[in-house]
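# Turn this into a model:
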Amino acid sequence: MSVATSKDGTKIVYLKKGKGPVIILVDGAFCSKDFGPMPKLTPYLAEYFTVISYDRRARGESGDTKPYHIEREIEDLQALIEQNGGSAYVFGISSGAILALRAVSHGLRIPKLALFEPPFVTNKNLIRSPNAYHDLARLVDEGNRGGAVKFYLRKIMGVPAFLPFVLQLTPNWRKMKANANSLPYDAAVCGDFEIPKNLVSTISIPVLVIDSTKSPETLRSAVEATVSILPNATRKSLNGSIHDVPPKILAPELIQFLIGGHENGK
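Okay, here's the model as predicted:
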């Protein structure tokens, strides 16, 4: 386990595995270096990359200096890059994909970027809470972590009403609540969930945008729209489940895109 110090003094805790060019994995909501899709993906990538998985601020073992601003999370990523060679590939999932796009637009040294289903809204009938950051912050301040998780699932992600109930019966519920303090930050990163066209259209580096064939049409349409705006983007639709692709399917696509295949990665 390693620690990077962000510009505002916040300690960002991360794991470093493998060897080769550096890739930083940026989680979406609820997840951390120890929970979610990234820990399962890391072993597949570590044969070809130095893999950095980290706790975004307010998650896991990382700090949480107030007040929050999106730029602080970009500075966290910058600190990780600077401490690990000065340049890094980045792979972001969900809200982490939007954060990664924002980081590139701020000029961080990211030569190639891979994204999985940034949750932009292309369906105008899908209504998101306009006060999500403040509503979530209030629930967190009240110590109502379970309420914050339910709010994010229902009012931001738009999942069916039965899903939070089902999740409460699983071991993952405790882990999701453990990272609930960071949910207002995910809401801030996503903003109004509209694609920031002026920002995205200026990103000239190669970008791979991935979706699952089993994901809802809202997410898949968002991927298509993101690719249409990025000047140098490729879309890949992979066999998976809802908002997820197995690492054994996902990893080869990332390796091929970032370093041109297995042979060149050794």
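# Quick one: the helices in the stretch 1-150 of the chain, in order.
Under the criterion DSSP state H, counting those that start in this stretch, helices of the stretch 1-150 of the chain are mapped to 37-45, 70-83, 95-105, 132-141, 145-151.
# how about the ones you listed in TSV, adding mean pLDDT and mean neighbour count?
C-beta: built from backbone N, CA, C; applies to glycine. Formatted as TSV, these follow (pLDDT from 0 to 100; neighbours: other Cβ atoms under 10 Å):
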stretch	mean pLDDT	mean neighbour count
helix 37-45	96	20
helix 70-83	98	21
helix 95-105	96	25
helix 132-141	93	18
helix 145-151	95	21
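# Same list, the ones you listed, but as TSV with distance to S6 please.
Listed next are the helices of the stretch 1-150 of the chain as TSV, based on distance: least, Cβ to Cβ, whole Å:
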stretch	distance to S6
helix 37-45	20
helix 70-83	5
helix 95-105	13
helix 132-141	20
helix 145-151	24
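# Would you tell me which of the ones you listed gets closest to V3?
helix 70-83 (8.9 Å; Cβ to Cβ).
# Give me the residues contacting that closest one.
2, 4-8, 10, 12, 14, 22, 24, 26, 52, 54, 56-57, 62, 65, 87-88, 90, 99-100, 102-103, 106, 108-110, 185, 188-189 (Cβ atoms under 8 Å, 6 or more residues apart in numbering).
# and those residues, which of them are in strands?
Counting by DSSP state E, these place 2, 4-5, 12, 14, 22, 24, 26, 52, 54, 90 in strands.
# which one among these gets closest to K236?
V90 (16.5 Å).
# Of the helices of the stretch 1-150 of the chain, give the one that comes closest to I205.
helix 95-105 (6.5 Å).
# residue ranges with poor pLDDT in the stretch 151-266 of the chain?
Across the stretch 151-266 of the chain, the ranges flagged by pLDDT under 70 are 261-266.
# Farthest-apart pair in the ones in strands among the contacts of helix 70-83, please.
Among the ones in strands among the contacts of helix 70-83, T5 and V90 lie farthest apart (Cβ to Cβ), at 19.6 Å.
# What distance do you get for the residue nearest the centre of the chain to L113?
Geometric centre of the chain, nearest residue: G96, 1.8 Å, by Cα atoms, centre = their mean. Separation of G96 from L113 (Cβ to Cβ, to the nearest Å): 11 Å.
# What of T50?
For T50, the distance to L113 - Cβ to Cβ - is 17 Å.
# repeat for P67
Taking Cβ to Cβ, one finds P67 at 28 Å from L113.
# Can you give me the domain assignment for the chain?
2-124+193-265, 132-186 (automatic domain parsing).
# Centre of the chain to the shortest one, how far?
In other words, domain 132-186. Using Cα atoms, centre = their mean, to the nearest Å, the mean C-alpha position of domain 132-186 is found 17 Å from that of the whole chain.
# Between the two ends of that domain, how far is it?
End-to-end span of domain 132-186 (Cα to Cα, to the nearest Å): 10 Å.
# about what we covered before: so between P67 and L113, which is more surrounded?
Ranked by neighbour count (other Cβ atoms under 10 Å), P67 and L113 place L113 first, with 26 against 6.
# Run through who's touching stretch 98-106.
By Cβ under 8 Å, 6+ apart, the surrounding residues in contact with stretch 98-106 are 26, 70-71, 73-74, 77-78, 90-92, 110, 113, 115, 118-120, 189-190, 196, 199-200, 202-203, 205.
# Could you point out which of the helices of the stretch 1-150 of the chain sits nearest S212?
Of these, nearest to S212 by Cβ to Cβ is helix 37-45, at 11.3 Å.
# Just list what that closest one packs against, helices and strands only.
strand 11-18, strand 22-26, strand 50-54, helix 247-259 (3 or more Cβ pairs under 8 Å, 6 or more residues apart in numbering; DSSP states H and E).
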